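Engineer: Provided below are the primary sequence and the corresponding predicted coordinates.
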Amino acid sequence: MYRKQGASAAVFAFVLIIAALVPLSVQQVGTYDPWLDYNGDGIIDVNDLQPLSQAYGTSGDPTRNVTIAQHVTKLVRPDVSVYVPPSTEWDSGLVSIDGYSKMTVLVSIMPYASNQLTLSAYDYAGTMWRIELLTNIGNYWVKTYDVMNQQVRIVFDNGPGAGSTLDVDIYLVA
């Protein structure tokens with residue numbers, strides 16, 4: 001009798017263990033994160049641990065250029081709401097665009113005044129190419145460029161009329 005009960009209990013325990021383990025081997029615990037799939041095979045498994053173990057303990061810049069369906073990957077704001085007095089100019093200084101393929105420049109000027117906007121490209125040796133020279137651009141100006149240089153500079157020359165408030169944004173796409 002005890003032998004039969006012991007065998008039944010063993011079979012029952014074995015079935016419970018199998019039933020408990022089967023869902024763990026098939027069921028996905030979390031959601032798939034492509035940043036963790038180092039080898040890009042669509043499965044996060046032990047094969048993704050090798051690159052991690054090789055890079056363990058290293059350090060560096062954590063930012064990455066990522067393009068997702070041609071969305072902006074970086075926004076540079078050389079100045080926000082800067083006042084440019086009459087008959088003076090504002091200079092963005094050199095802005096790095098190295099590593100990006102497209103650049104959209106957005107300029108907002110309030111109030112409208114007689115003005116001139118110069119957009120130039122530079123390499124790291126200091127060689128300059130004028131991309132565009134615009135006069136009397138109105139209150140808003142937006143244009144997208146394919147970029148092949150390392151730096152750009154924007155110079156806003158305010159006319160003799162009135163002072164202007166200037167906003168300049170540069171959107172970069174990898």
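Structural biologist: Sure thing, it's come through.
Engineer: which sections of this protein are below the confidence cut-off?
Structural biologist: The chain contains residues with pLDDT under 70 at 1-2, 16, 19-29, 61-72.
Engineer: Mind jotting down where the strands sit in it?
Structural biologist: 74-84, 89-91, 95-96, 102-110, 115-122, 128-135, 140-146, 151-158, 164-173 (DSSP state E).
Engineer: could I get those as JSON lines with distance to Asn47 and mean neighbour count?
Structural biologist: In short, each C-beta sits where N, CA and C put it, glycine included. Formatted as JSON lines, these follow (distance: least, C-beta to C-beta, whole Å; neighbours: other C-beta atoms under 10 Å):
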{"stretch": "strand 74-84", "distance to Asn47": "32", "mean neighbour count": "14"}
{"stretch": "strand 89-91", "distance to Asn47": "52", "mean neighbour count": "15"}
{"stretch": "strand 95-96", "distance to Asn47": "37", "mean neighbour count": "16"}
{"stretch": "strand 102-110", "distance to Asn47": "35", "mean neighbour count": "18"}
{"stretch": "strand 115-122", "distance to Asn47": "44", "mean neighbour count": "19"}
{"stretch": "strand 128-135", "distance to Asn47": "47", "mean neighbour count": "13"}
{"stretch": "strand 140-146", "distance to Asn47": "38", "mean neighbour count": "13"}
{"stretch": "strand 151-158", "distance to Asn47": "41", "mean neighbour count": "20"}
{"stretch": "strand 164-173", "distance to Asn47": "32", "mean neighbour count": "19"}
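Engineer: just so I know, which of the ones you listed lies nearest Gln5?
Structural biologist: Nearest of these to Gln5, taken as C-beta to C-beta: strand 74-84 at 71.4 Å.
Engineer: same for the closest one, what does it pack against?
Structural biologist: Contacts defined by 3 or more C-beta pairs under 8 Å, 6 or more residues apart in numbering; DSSP states H and E place strand 74-84 against strand 89-91, strand 151-158, strand 164-173.
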